[in-house]
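Asker: My questions concern the predicted model and sequence given below.
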Amino acid sequence: MSLIEFDKVSFGYEQVPILKDLTLSVQTNLFWAIIGPNGSGKSTFLNLLSGQIKPQHGTVCVDQQVITAMNTAQRAQKISLVRQEFIPVFGYSVFQTVMMARYARQSRRLFENAADRKAVHAALEATDTLNFAERPLDHLSGGERQRVFIARALAQETPILLLDEPTSHLDLKHQIKIFDLLKQMQTQQGKTILLVTHDINLAVQYCDRVLLLGSDEAFFQGPPEQVLDSGRIESIFGVQGYQGRIQKEKFFVPLGRFSKDRPG
Amino acid sequence: MTLTPQKLVLRSILAGSILLGVMVACVWIGSQEVSLVEVLKGPGVEGSPNIQYIIFMQERLPRICLAAIVGAALACAGVVFQAILRNPLADPYILGVSSGAGLGSIVAVLFSGTVIYGKIAGHFGWISEATGMSSLMIMAFVGAMLTVWLVWAIGRVTGRNHVTGLLLAGVVVNAFFSALIMFLLSIARARQLQSTIFWLMGCMILPENPLMVWFSGGVVLLGIVCLLMLGNSLNILSFGSEDAQSLGVPVKRTCFLAFACAALITSVAVSLSGLIGFVGLVVPHAVRLVVGPDHRLLIPLSAITGAAFLVVADTIARVVIAPAILPVGVITALVGGPFFLILLIRYTKNIQWGPA
């Protein structure tokens, strides 16, 4: 049985359909990338999955339960979310931030207990953030801060981890560091990961499955090898590109000025 | 560094004893000399009452308690507005919540004699009976609650992730309510005018019924305890509603509850002492510098510090042009205005506002 089931899900805003009849099943312990141009419904997909919006048609199930029928605390024990890098208003320490992940399990307790502390410690260790646990978030670099938010998602101890463009503000090295970390979460902790990204090449390298959303309600799903075909990418994104291979893996370079004299 | 119950209690006791020290010190300061020896002699006998005892028991002590209650309420309300609106410059006065409560109170005062008001109040009399709140306090609460809703709604439209949008909303709401208040005052009878204007400037006026002080103190304490119980949720909410939702906080319910508590304690403070600004801005910032941003510590310690702050400010107000008394709102605004500017410059420069 699959962990996440989208059954003919449709959603749109006032006559602007975004997703139509999306059917998808996500097996446990896979790393999915959600790719598509702006406005193709990537965020809508995440919001539907996390139960923040209700589909107009169809159902979204997690663990065979309809997600919108669960309460907030129940959902928070199934799905954790990491979003685009941002600096919070108040200077909470790394430890305090990660401890917030335990909220859904504290059931109105005001103080954390030993189990909470253990989970936080383990999450900090797994993300290599333990050595700056007492530093405030606004004193960290962007890459460090994203690792802290991944640690928070880990401490939430959910089977599913959603990420909304977590690397969009990071430089190349830190992007790869985050993807390495996520891969490690998948293989070592058995997480099911769904990641919205614009980086096709990192998705090919790290992800097991891809959901490619087109702007005309079309969607394609499957292994990156099959889905991310250069003709399809070119038509969906409206760019020309060059596709090659490095060690059997495809890569895609969008061509701007070079469109006319593309190799091959 | 985890927060344990022991740490919370210890720090609250430490801060509480400082507050007690401040109150004990301030109670002896004033235009009229009062000595402990004289006060301890008791109320005096029939015909030759002990003036010092009467001043102490009926003026100084209730006034100090009143200042402490109002200060605690305003500081806590400031903490809550800052957390939920994710705006470090929020304060019940700046957002217009105080003037909303003030407008409610003035409506209650000015129209309390009229037939229409009597009819409406007749329908809702059970609320006063059930809660012990005066109609003035209820009207103040209604005004505060409506303003919170208004500011929240305007803030949503102008974009919650911008520090100045919400402040502008507060400025507009404030200006609008001030206009309504001035309109009401200009049609008011002269007898009510001076005391109302003085009250508007923010002034400790002892209620006719001394029990009112205790009752207000109880309501404020209750509100603060409720907010303390929401401490973890407030921590998470300051990361934005999207994060809060994904971490399991029921956002709408929690925001409503926190806003209702904040509006309640603000309206109690306003109905007691009028519009006193900037306590909810200065105090939470100072406390945050010392104990950090954890609301489980921030709320009780801001309450205690806010109480001490207003007790000191009110004592200054009592002695600075003695024997006349300055409205305490003048003192807090003189301190808070420059403080606000410093924070405004700091936050509009450095903070990168995340998506709402």
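Answerer: Now that the structure is in, tell me what you want to look at.
Asker: going forward, measure contacts between C-alpha atoms and count neighbours the same way
Answerer: OK.
Asker: how close does the residue in chain A that chain B sits nearest to sit to residue B:287?
Answerer: As assessed by C-alpha to the nearest C-alpha, chain B sits closest to residue A:73 within chain A, at 4.2 Å. According to C-alpha to C-alpha, to the nearest Å, residue A:73 and residue B:287 sit 31 Å apart.
Asker: Closest to the mean position in chain B, which residue would that be?
Answerer: Central residue of chain B (C-alpha atoms, centre = their mean): residue B:74, 2.5 Å from the mean position.
Asker: which bits of chain B sit near chain A?
Answerer: Residues of chain B lying near chain A by C-alpha under 8 Å from any C-alpha of the partner chain: B:1-5, B:86-88, B:229, B:231-232, B:235-236, B:238-239, B:243, B:245-250, B:292-294, B:296, B:351-355.
Asker: from those residues, which would you call buried?
Answerer: Among the residues of chain B next to chain A, those buried by neighbour count (16 or more other C-alpha atoms under 10 Å in any protein chain shown) are B:86-88, B:229, B:231-232, B:235-236, B:238-239, B:243, B:245-250, B:292-294, B:296, B:351, B:353-355.
Asker: Need the phi and psi values for the closest residue to residue A:111 other than its chain neighbours.
Answerer: Nearest residue to residue A:111, sequence neighbours excluded (C-alpha to C-alpha, 6 or more residues apart in numbering or on different chains): residue B:4, at 6.5 Å. Main-chain dihedrals, residue B:4, degrees, to the nearest 10: phi -110, psi 160.
Asker: cool, residue B:210 as well?
Answerer: The phi/psi pair for residue B:210 (degrees, to the nearest 10) is phi -60, psi -20.
Asker: Check residue A:13 too.
Answerer: With angles defined as degrees, to the nearest 10, residue A:13 sits at phi -110, psi 120.
Asker: Could you give the bridge partners of it?
Answerer: residue A:16 (DSSP bridges).
Asker: show me where the stretch 1-150 of chain A has helices.
Answerer: All helices of the stretch 1-150 of chain A, identified by DSSP state H, counting those that start in this stretch, fall at A:42-49, A:72-76, A:94-99, A:103-106, A:114-126, A:142-155.
Asker: now the last one: how far from the chain's centre is it?
Answerer: Spelled out, it's helix A:142-155. Relative to its chain's centre, helix A:142-155 lies at 13 Å (C-alpha atoms, centre = their mean, to the nearest Å).
Asker: check whether it contacts chain B.
Answerer: No - using C-alpha under 8 Å from any C-alpha, helix A:142-155 never reaches chain B; the gap is at least 8.7 Å.
Asker: on contacts alone, who are the packing partners of that helix?
Answerer: Secondary-structure packing of helix A:142-155 (3 or more C-alpha pairs under 8 Å, 6 or more residues apart in numbering or on different chains; DSSP states H and E): strand A:79-82, helix A:94-99, helix A:114-126, helix A:172-189.
Asker: average pLDDT across the shortest one?
Answerer: It refers to strand A:79-82. Strand A:79-82 shows a mean pLDDT of 93.
Asker: Residues touching it, excluding its own?
Answerer: With contact meaning C-alpha atoms under 8 Å, 6 or more residues apart in numbering or on different chains, strand A:79-82 is reached by A:50, A:149-150, A:153-154, A:156, A:158-164, A:166, B:243, B:246-247.
Asker: Contact partners for the nearest residue to residue A:95 once chain neighbours are set aside?
Answerer: For residue A:95, the nearest residue in space outside its immediate sequence neighbours is residue A:133; the separation is 5.1 Å by C-alpha to C-alpha, 6+ apart. Residues near residue A:133 by C-alpha under 8 Å, 6+ apart: A:93-95, A:124.
Asker: And the pLDDT at residue A:133?
Answerer: 92.
Asker: From residue A:140, how far out is it?
Answerer: The span separating residue A:133 from residue A:140 equals 11 Å under the rule C-alpha to C-alpha.
Asker: Okay then, goodbye and thanks.
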